[in-house]
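J.: Give me the fold of what follows.
(one chain, ligands or ions: 2)
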Amino acid sequence: RWTIDLNTADWQAAPEAQAVCAALLNGDLVAVPTETVYGLTADATNGTACAKIFKAKGRPQFNPLISHVASLEAAREHGNFDGQALALAEAFWPGPLTLVVPKKETSPISDLATAGLQTVALRVPDGPVMRYLSERINRPLAAPSANRSGKISPTRAEDVIADLGPSLSFVIDAGPCPVGIESTIVGCIDGTTRLLRPGGLSREAIEKVLGAPLSGADARMAPDAPTAPGMLSSHYAPNASMILNASHASPDDGLLSFGPDPLPGAGQARAEINLSPSGDLTEAAANLFQAMRALDASGVKTIRVQFIPSFGLGEAINDRLRRAAAPRV
Ligand code: TXA
Ligand code: MG
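T.: Ligands and ions are numbered 1, 2, ... in the order given. Presented below is the predicted three-dimensional model:
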């Protein structure tokens, strides 16, 4: 575990930085913080290293990985950006946006990382550690969220260690992730721009730059050819079962509340966490996964969730909650 303070510049000069780069070049797995969640990271050009990611996560190999790079310029070595993709990259990178674009034949990103697709998911994260490592080893870094497949994504180093510790050569601990929810994924393919996964960048912000509504997410996947995370019914699953838009709290259950107005019976809930007492959706997103973990750890069998509006980051919050509530496979 390498603990760093992002407010100081000297982490880049630490001997651990050198050791982490050597581990990545050697094809090992490293947990790296980003502004969204912690990533289970490997050299995206090394098929063997990418295979280790799938194995450590227990992730089906048809589900492709995001490749992280340091700049738009670096991203353009791997994918073809149309006008819309360029506009979005220029507006929001570095930041919580992943663009799925046609893959360049010359890109060295492993077919395992892209699950053999003709497209590639690229992101320039705002979290400086991932960007720095990619630049220093001069390779794209493949990184899914650093959790076992189907479980809650990690926003703290402790969560990563509890879930995946033995598979990792390093865990880089930069404290809690400020956005707290994964990147928004937008596909820019064949002239259409689609929302593939709501996330830490709101639909409204994206549509403002595009000057048009995003195409619906429904057409994103054929049931037999899933290419985005939405197709898996159960995802982000806590051990407890979830009741969404609960009408009241219960003394037997946990309560995930939101905003200043308590649900009837809230004071009697067995455990309660308010995602944002002031009703701020950005704050609620930052707290969501930690709150789900904490309520789960309190031992309740059921977590009731208060209504959360669906605009801004509320779209991504509700997406994660619906998946957490979905029937387990
Ligand atoms: O914020 C994030 O996006 C975090 C951090 C670590 O960057 N990463 C993350 O990765 O959430 P992951 O693997 O948990 O989710 C990425 C999703 C995958 O589920 C996959 O379905 C989708 O991106 N994806 C990757 N490549 C794709 C492609 N070529 N076409 C469509 N979807 C793709
Ligand atoms: Mg994930």
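
J.: And the residue nearest the centre of this protein?
T.: Using CA atoms, centre = their mean, the residue of the chain that lies closest to the mean C-alpha position is E182, 2.6 Å off.

J.: Tell me the secondary structure at that residue.
T.: coil (DSSP: H, G, I helix; E, B strand; the rest coil).

J.: how close does it sit to F289?
T.: Separation of E182 from F289 (CB to CB, to the nearest Å) stands at 10 Å. Heads up, the C-betas are built off the backbone N, CA and C, glycines and all.

J.: Quickly list what's touching both of those two.
T.: Residues touching both E182 and F289 (CB atoms under 8 Å, 6 or more residues apart in numbering): V37, S153.

J.: so A17 sits right up against D10, yeah?
T.: No - using CB atoms under 8 Å, A17 makes no contact with D10, being 9.8 Å away.

J.: okay, those two: which has more neighbours?
T.: The neighbour comparison of A17 against D10 (other CB atoms under 10 Å) goes to A17, with 19 against 9.

J.: List the residues that contact the more buried one.
T.: The contact partners of A17, by CB under 8 Å, 6+ apart, come to W11, Y132, R136.

J.: got it, and G211?
T.: Applying CB under 8 Å, 6+ apart, no residues contact G211.

J.: quick one on the thing from earlier: mind listing which of the contacts of A17 are in strands?
T.: Taking DSSP state E, every one of those sits outside strands.

J.: What is the nearest of these to E272?
T.: Distance to E272 across the contacts of A17 (CB to CB) is lowest for W11, with 36.9 Å.

J.: Not counting its neighbours along the chain, what's nearest D111?
T.: In space, and not counting its chain neighbours, D111 is closest to G47: 7.2 Å by CB to CB, 6 or more residues apart in numbering.

J.: Count the neighbours of the one you found for me.
T.: By the criterion of other CB under 10 Å, G47 has 15 neighbours.

J.: need the contact list for it.
T.: S110, D111, L112.

J.: Put the buried members of those into a PyMOL selection.
T.: Here is the PyMOL selection string for the buried members of the contacts of G47, based on 16 or more other CB atoms under 10 Å:
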select buried, resi 110+112
